[in-house]
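[1] no sequence for this one, just the structure:
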């Protein structure tokens, strides 16, 4: 592991994207989203995912020329077709559009069909919060999670992002509906350590902290068991219904991984209701209360707090990149 | 336990509400909401909670004359003041308003400050789904849940409701952010059975399935550990910021329990975008897929499925009411 300065990582990704045929402006945005995710510590959906992104461009899964298109609208609700363009650019566009609607109308909702993986979901939460808006977005995925009461995957892990702007540091929740991602399970397996809590079932159907056993059974747990299972289902239903696109069970999980997915972007803009700055004050106060009670353990953190710490460190010291990944990216 | 016909339960509650001074129309709606919750099997927030509701009217916590008032609006986003009126009537009013905005503008959001406990949160999800709209709503509560990494309660369990209309039976998720409610913990303690999964910590700080130990430590688990903890926090933040009302840490948990809480109601109306009935078809197809795969265990259910079964049974056979509760209600 060595550290690459932000600008160098950005330039490297940008040049690769230009070479694949991206227009300058879109290459800039895509490279920035990948670099920001990496800088924020979400390596799995930052530089570590970049080679796969380029592969999906080369094999035609991602159409870099496709721009999202407005299909239908009713007031503050819009349906867009992602036309199988780059998932990160489509998602960024749709959150931007939701924020614009929210500026005019308080709340805006943009549902996006036929898109590709958005990489780090949290990016679109940060985008809203940095624009001073509350952002809520989610995506469906291919089937990768057994519903509560079943052993085979037939739900997606359908990440949900909720971002709340706050003067003292935005609060950005970015969570999949599985307790641990397959990436996290793999890293626990490699470390030989047990999971901190039960993460799924072993082959015999017993709850376990053994990451390798869960990888083998393909039975990770939904968060909160039946609760996350239900939440995953309704996120998929809303995604498909609002966008007019595919539901999890229609998304192929074989050769063309997770293409044609459905997403929803909601933004809320309080600025015209909240002229006295109440929202900013209360958001700071809530976080302060969470962290400052007399019995507060050092472990109490708000969603996004680690991100801000990691971002600062990586901006100062350079962004950690695995040597093999870096060589692979440079060879693209 | 004996069974009371729907109409008899409704009439009994209605008469009590008239006696407390409710106007006829508001007594009707409140009695209907209590009766429906009970009929749907949510006894804890149906008839079992009715005596406490009346007590809170008598002690002045709930002001039955107070009508919710529009405080500010911007397009499809509105702020209402609940004026400490009956929480179920306020919530019903605000979801109705959100649905009306959604009819005009696709999506509507109503944030409600200074209200009282909404009783069964799912009621407002069913309300939206029966109107053909997607409904999303949540409430904050007094502090009753330790955040991940802390031992003292300083989050609410902040129930979240998501309702999706479906021709074959609406899908209505109604879930608190704690894995088990205190009511559920008490019933496991009384039964002497262990919880089906770990539900919190014992006094020594170990995860346990022993309901009594969790009641004693007051350390129930958030769903998905750190994930539900983060979700609970952002729901509280959004509730207070959007409504201009109180956050969980400002809500008194002593004499006047949970008064002055904040809620958010969002409705989405697809009808003008979705003229070909796609949404109805895909919602049925998703549920059918969930339940009909070859390896489907009988245990795979969608949120709301049990409700429909219970409702049917209770409408046919009468609604189960504990004799002591029934005597108490009749004596009001």
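    Received, thanks. These figures come from a predicted structure and were not determined experimentally.

[2] now do the phi/psi pair for residue A:319.
    Torsion angles at residue A:319 (phi, psi; degrees, to the nearest 10) stand at phi -100, psi 130.

[3] separation between it and residue A:30?
    Using Cβ to Cβ, to the nearest Å, we find residue A:319 at a distance of 17 Å from residue A:30. The C-beta positions use only the backbone N, C-alpha and C, and glycine is treated the same way.

[4] and residue A:87, by the same measure?
    Distance of residue A:87 to residue A:30, given as Cβ to Cβ: 10 Å.

[5] equivalent analysis for residue A:211, please.
    Here residue A:211 is placed at a distance of 32 Å from residue A:30 (Cβ to Cβ).

[6] quickly list the domain ranges of chain A.
    Per automatic domain parsing, the structural domains of chain A span A:67-177+A:224-268, A:179-221.

[7] quick one: the helix or strand residue A:162 falls within near chain B?
    Element membership of residue A:162 [criterion: DSSP states H and E] is strand A:160-164. Yes. Strand A:160-164 is in contact with chain B by Cβ under 8 Å from any Cβ of the partner chain, via A:162, A:164.

[8] now stretch A:192-207
    Yes. Stretch A:192-207 is in contact with chain B by Cβ under 8 Å from any Cβ, via A:196, A:197, A:198, A:207.

[9] in strands, which of those appear?
    Residues of the residues of stretch A:192-207 next to chain B located in strands (DSSP state E): residue A:207.

[10] ok, of the residues of stretch A:192-207 next to chain B, which come out buried?
    Among these, those classed as buried by 16 or more other Cβ atoms under 10 Å in any protein chain shown are A:197, A:198, A:207.

[11] leaving out chain neighbours, which residue sits closest to residue A:242?
    Nearest in space to residue A:242, with sequence neighbours left out and distances taken as Cβ to Cβ, 6 or more residues apart in numbering or on different chains, is residue A:111 at 3.6 Å.

[12] hey, what's that neighbour bridged with?
    For residue A:111, the beta-bridge partners are residue A:79, residue A:264 (DSSP bridges).

[13] quick one: it from residue B:66, how far?
    Relative to residue B:66, and taking Cβ to Cβ, residue A:111 is found at 37 Å.

[14] now the helix or strand containing residue A:281 and strand A:160-164, what's the angle there?
    Following DSSP H and E, one finds residue A:281 within helix A:278-292. Here the directions of helix A:278-292 and strand A:160-164 differ by 110 degrees (axes from the mean of the first three to the mean of the last three Cα atoms, to 10 degrees).

[15] how far does the following helix or strand past helix A:278-292 sit from its chain's centre?
    Next along the chain after helix A:278-292, taking DSSP H and E as the criterion, comes helix A:305-317. Centre-to-centre, helix A:305-317 and its host chain are 18 Å apart (Cα atoms, centre = their mean, to the nearest Å).

[16] give the other helices and strands that the helix or strand that comes right after helix A:305-317 contacts.
    The first helix or strand that comes after helix A:305-317 along the chain, using DSSP H and E, is strand A:319-321. Packing partners of strand A:319-321 (3 or more Cβ pairs under 8 Å, 6 or more residues apart in numbering or on different chains; DSSP states H and E): strand A:2-4, helix A:6-20, helix A:24-39.

[17] I'd like these laid out as CSV, including distance to chain B.
    CSV is the format used below for the helices and strands packed on strand A:319-321 (distance: least, Cβ to the nearest Cβ, whole Å):
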stretch, distance to chain B
strand A:2-4, 27
helix A:6-20, 27
helix A:24-39, 19
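
[18] tally up the residues packed near the residue nearest to residue A:22 when sequence neighbours are not counted, please.
    The spatially closest residue to residue A:22, leaving aside those adjacent along the chain, is residue A:64, at 5.3 Å (Cβ to Cβ, 6+ apart). Counted with other Cβ atoms under 10 Å in any protein chain shown, the neighbours of residue A:64 add up to 16.

[19] go on, residue A:132?
    17.

[20] from memory it sits against residue A:272, does it?
    No. Between residue A:132 and residue A:272 there is no contact under Cβ atoms under 8 Å: 11.3 Å.

[21] follow-up on the earlier one: what's near enough to touch the residue nearest to residue A:242?
    Listed by Cβ atoms under 8 Å, 6 or more residues apart in numbering or on different chains, the contact set of residue A:111 reads A:77-80, A:239, A:242-245, A:262-265.

[22] also residue A:251?
    A:140, A:141, A:142, A:143, A:156, A:258, A:259, A:260, A:261.

[23] go ahead and name everything in contact with stretch A:304-311.
    Counting by Cβ under 8 Å, 6+ apart, A:39, A:40, A:41, A:42, A:122, A:163, A:169, A:170, A:171, A:172, A:173 sit against stretch A:304-311.

[24] so for that stretch, mean pLDDT?
    Averaging pLDDT along stretch A:304-311 gives 95.

[25] likewise for stretch A:12-32?
    The model assigns stretch A:12-32 a mean pLDDT of 98.

[26] over to stretch A:73-92?
    Mean per-residue pLDDT for stretch A:73-92: 98.

[27] mind listing what's buried along that stretch?
    By neighbour count with 16+ other Cβ under 10 Å, stretch A:73-92 contains the buried residues A:74-82, A:84-92.

[28] same question, stretch A:250-261
    When burial is assessed from 16+ other Cβ under 10 Å, stretch A:250-261 yields the following buried residues: A:250, A:251, A:258, A:259, A:260, A:261.

[29] what's the closest of those to chain B?
    Among these, residue A:250 lies closest to chain B (Cβ to the nearest Cβ), at 8.7 Å.

[30] how far away is the residue lying closest to the closest one once chain neighbours are set aside from residue A:277?
    Once flanking residues are discounted, residue A:250 sits nearest to residue A:260: 7.6 Å by Cβ to Cβ, 6+ apart. Plainly put, residue A:260 is 43 Å away from residue A:277 if you go by Cβ to Cβ.
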